[in-house]
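1. my questions are about this predicted structure, shown below with the sequence.
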Amino acid sequence: MQLFRQQTRGRLFFLVQNVFRPWAGSVWPSVKRASTDSKQRLDRSRPSIDLSLFPPDRIRNFCIIAHVDHGKSTLADRLLEITGTISRDAKNEQVLDRLPVERERGITVKAQSAALIHQRHGESYLLNLIDTPGHVDFNFEVSRSLRACQGVILLIDANQGIQAQTVANFFLAFELDLTIIPVLNKIDLKLAKPEEVSKQVMQLFDMNYNDILRISAKYGTGVTDILDAIVDRIPSPVCVSSEPCRALLFDSWYANYRGVGCSVAMTNGRLQKGDKITLLHSQRTYEVSELGVMHPDEVETDVLYAGQVGYMYANMRNTNEATVGDTICHQDEPVEALPGFRTAKPMVFAGIFPIDQSQFTSLKSAIEKLLLNDSSVSVGMDSSAALGQGWRLGFLGLLHMDVFCERLEQEFSTAVIITTPNVPYRVRIHGEKNIKLYGTDELTILNPCNLPDPSIIVEYSEPFVNGTVMAPDSCTGSIMSIIRDRRGECTEQTTLENGFSIYKVTFPLSEIIVDFFDELKSVTSGYGSFDYEDAGYRSSSLVRLDVYLNSQPVEEMTHITHVSQARSVARRIALQLKQNLDPHLFQIAIQIKVGAKVIAREDIKALRKDVTAKLYGGDVTRRMKLLKRQAEGKKVMRKIGKINVPKEVFISILKH
């Protein structure tokens, strides 16, 4: 044994002296030197901007607004390249789309800003660009971005023409009295129709033909003209450098180890690193720890001057501290608050639960951090007998909900269970005792399980929206059929010169949140587009569907639907239960009721044991006696037996 130890020790000594030490001596210095060199190269390549060189009259704040897939991100890439903000590279695609979900889906979810420097008339101009989303679900991001700008680029696909969201974005900018520069993109396509689309712009938006720019963002054709038009047409921000500091907080996000980051638009004065600031809405005081501009990544500076747009860190740790729309000022120099934004109004609600209740704490932390990046989501606690503790979240639309849950999984590695999306209903109740119990005579129902007894409800109301549908004239019959099937009411139809029509329609929100857009694209061969805005609540004929298993209610599966669709929805729930529930030793009766009336029923037959298998002959009365005893036993078991409903069955019903 001692000889073995000596031999092993000798081998280790040989390896250290002749192998590891020479290798480490030759490799480690080069590794250390390479690390140092890369750090030095990073420091040397770090851009710097002297913001003091740009007074307010040489600053232009603008954003790009457009319908989905009209080329906003591609145009932003070309603007960054032409101004030298990033190097010219064929791999520059969606530079400002930093979220994985944005790159995977090819859409913009989060508005991003970048500072550009453009030479015009022999002078340098600071152009603050904000790239905004195009889908209607992220309209809140667009409205926030417009508050920090004096002008917009209205981008229109020369192939598809004006779409529904194009019209909505135009009026958002028009209401704020912003300068609008119409730009036709994708003129390089063979099917592009720039002349026809120009007529649409002139007809709908009352713009001059000579003011419309034509570009190809993919190849950079005409993009320089946009930069010149920004300098010449968009006014500089109205601000006073000598007045006390006042800034608008128009966006926020969460950064690990640094806390809350804020996008700020300076309106007056100057903001300096180390300043003591106060947020007027929350009345909290902080010290500015970092300032800078996005170029397109964060570039630190010591000061932000009046008229400029940048970012700020101020040691905010709580997710509720940075209120979007708040006004920032110096602690010892209070100012009048800037007009804030309208609060985002959730249109779609869904329950979100952890797959395992042991992940409740981690999911709670992930939701809180993501809510800071997306303040348009409302949140409230929820619970389910089948799924456990969770949250009832409100979203601006179905895509908004889908992206939020995908970000939870991608950015925080937290998988969730999502219940079927529903809309908030309102009910009016009667009876002094009932009103005293609930504290009011009008209740908002976010979860169908919380609906009061129908006997005390005197009126149901559901949310409606004013929708704008654009589609080819050849699809008019199909469009009218969809409107009728979705309980819509067409109030106006406008025919355009290019063979398209615009339909103004009032829809119940519950009819369009799930599959309306897919059906519209299907009947219009992909040429239809849709946009909507809130139209308040209207009285409606709603019913509550109650699910019973062997006369026992299952409250978690309660649904609210319109009376005209009650039977079809009830039939679907009954069939899903029949397909997903395992057979028991007794018969299961699935009943869907409206009040005391059964409107759908399915039966699951009992599992049967062949009690006569042991018989090999004899009198038939013996056989009948065994079957009768089995039937009596099953009858008793049906009364006292407990139906086991697995969690997967609840999920299949709640998700569809």
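-> Here it is on my side, so go on. From a predicted model like this one, the values you see are computed outputs, not experimental measurements.
2. give me the domain ranges for this protein.
-> 51-233, 246-330, 348-418, 425-540, 544-654 (automatic domain parsing).
3. for the longest one, what is the average pLDDT?
-> When pLDDT is averaged over domain 51-233, the result is 82.
4. can you add distance to Pro339 and mean neighbour count and give the domains of the chain back as CSV?
-> Placement of C-beta: from N, CA and C, glycine included. Listed next are the domains of the chain as CSV, based on distance: least, CB to CB, whole Å; neighbours: other CB atoms under 10 Å:
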stretch, distance to Pro339, mean neighbour count
domain 51-233, 8, 19
domain 246-330, 9, 19
domain 348-418, 17, 18
domain 425-540, 20, 16
domain 544-654, 37, 15
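5. adding distance to Val240, write the ones you listed out as JSON lines.
-> Output for these, formatted as JSON lines (distance: least, CB to CB, whole Å):
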{"stretch": "domain 51-233", "distance to Val240": "9"}
{"stretch": "domain 246-330", "distance to Val240": "5"}
{"stretch": "domain 348-418", "distance to Val240": "29"}
{"stretch": "domain 425-540", "distance to Val240": "36"}
{"stretch": "domain 544-654", "distance to Val240": "54"}
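6. Cys239: which of the ones you listed is closest?
-> domain 246-330 (4.0 Å; CB to CB).
7. let's test this: mean pLDDT of the closest one, rounded?
-> pLDDT averaged over domain 246-330 gives 84.
8. span of it from start to end?
-> 8 Å (CA to CA, to the nearest Å).
9. related to what we said a few turns ago, which of the domains of the chain sits closest to Ala337?
-> Nearest to Ala337, of the domains of the chain and by CB to CB, is domain 246-330 at 4.4 Å.
10. distance between the closest one and the chain's centre?
-> 24 Å (CA atoms, centre = their mean, to the nearest Å).
11. endpoint to endpoint, stretch 200-216 covers what distance?
-> 19 Å.
12. pull the residues that contact that stretch.
-> For stretch 200-216, the external contacting residues (CB atoms under 8 Å, 6 or more residues apart in numbering) are 75, 154, 156, 158, 161-162, 167, 170, 180-188, 194, 198, 221-223, 225-226, 229, 496-498.
13. one more time with 7 Å
-> Applying CB atoms under 7 Å, 6 or more residues apart in numbering, the external contacts of stretch 200-216 come out as 156, 161-162, 167, 170, 181-188, 194, 198, 221-223, 225-226, 229, 496-498.
14. show me what contacts Thr414?
-> 359, 362-363, 366, 408.
15. hang on, I meant Arg567
-> 599-600.
16. tell me the SS of it?
-> Classification of Arg567 by DSSP: H, G, I helix; E, B strand; the rest coil places it in helix.
17. cool, and the one 5 residues further on?
-> Under three-state DSSP, Arg572 falls in the helix class.
18. over to Thr476?
-> helix.
19. what's the answer for the one 4 residues further on, then?
-> For Met480, the reduced secondary structure class is helix; criterion used: three-state DSSP.
20. any idea how far it lies from Gly488?
-> 9 Å (CB to CB, to the nearest Å).
21. centre-most residue in this protein?
-> Of all residues in the chain, the one closest to the mean position by CA atoms, centre = their mean is His400, 2.6 Å from it.
22. tell me what Gln272 is bridged to.
-> Assessed by DSSP bridges, Gln272 has beta-bridge partners Val303.
23. pretty sure it contacts Val303?
-> Yes. When contacts are counted by CB atoms under 7 Å, Gln272 is listed as touching Val303 (5.0 Å).
24. could I get the average pLDDT for the helix or strand hosting Asp518?
-> In the assignment (DSSP states H and E), Asp518 maps to helix 516-523. Helix 516-523 shows a mean pLDDT of 78 in the predicted model.
25. and it, what does it pack against?
-> helix 476-485 (3 or more CB pairs under 7 Å, 6 or more residues apart in numbering; DSSP states H and E).
26. who touches the helix it packs on?
-> Residues contacting helix 476-485 (CB under 7 Å, 6+ apart): 469, 471, 490, 501, 503, 505, 519-520, 523.
27. okay, these in JSON lines with distance to Asp89 next?
-> Conversion of these to JSON lines gives the following (distance: CB to CB, whole Å):
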{"residue": "Val469", "distance to Asp89": "40"}
{"residue": "Ala471", "distance to Asp89": "39"}
{"residue": "Cys490", "distance to Asp89": "49"}
{"residue": "Ser501", "distance to Asp89": "43"}
{"residue": "Tyr503", "distance to Asp89": "44"}
{"residue": "Val505", "distance to Asp89": "45"}
{"residue": "Glu519", "distance to Asp89": "41"}
{"residue": "Leu520", "distance to Asp89": "38"}
{"residue": "Val523", "distance to Asp89": "42"}
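28. which among the domains of the chain is found nearest to Leu338?
-> Closest approach to Leu338 among the domains of the chain (CB to CB): domain 246-330, 4.7 Å.
29. strand partners of the strand ranked longest in the chain, parallel vs antiparallel please.
-> Looking across the chain with DSSP state E, the single longest strand is strand 457-472. Within its sheet, strand 457-472 is paired with strand 425-429 (antiparallel), strand 500-508 (antiparallel), strand 529-540 (antiparallel), according to DSSP bridges.
30. what stretches of the stretch 501-650 of the chain score poorly on pLDDT?
-> Applying pLDDT under 70 to the stretch 501-650 of the chain flags residues 514, 526-527, 556, 608-613, 617-618, 633-650.
31. can you give me the helices in it?
-> Using DSSP state H, counting those that start in this stretch, the helices of the stretch 501-650 of the chain run over 516-523, 566-580, 620-640, 647-654.
32. repeat for the stretch 101-250 of the chain
-> Using DSSP H, counting those that start in this stretch, helices in the stretch 101-250 of the chain cover 139-146, 164-175, 194-205, 223-233.
33. in a markdown table: those, plus distance to Ser564.
-> Output for those, formatted as a markdown table (distance: least, CB to CB, whole Å):
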| stretch | distance to Ser564 |
| --- | --- |
| helix 139-146 | 30 |
| helix 164-175 | 27 |
| helix 194-205 | 36 |
| helix 223-233 | 51 |
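34. to Tyr537, which of these lies closest?
-> Smallest distance to Tyr537 across the helices of the stretch 101-250 of the chain (CB to CB): 20.1 Å, for helix 139-146.
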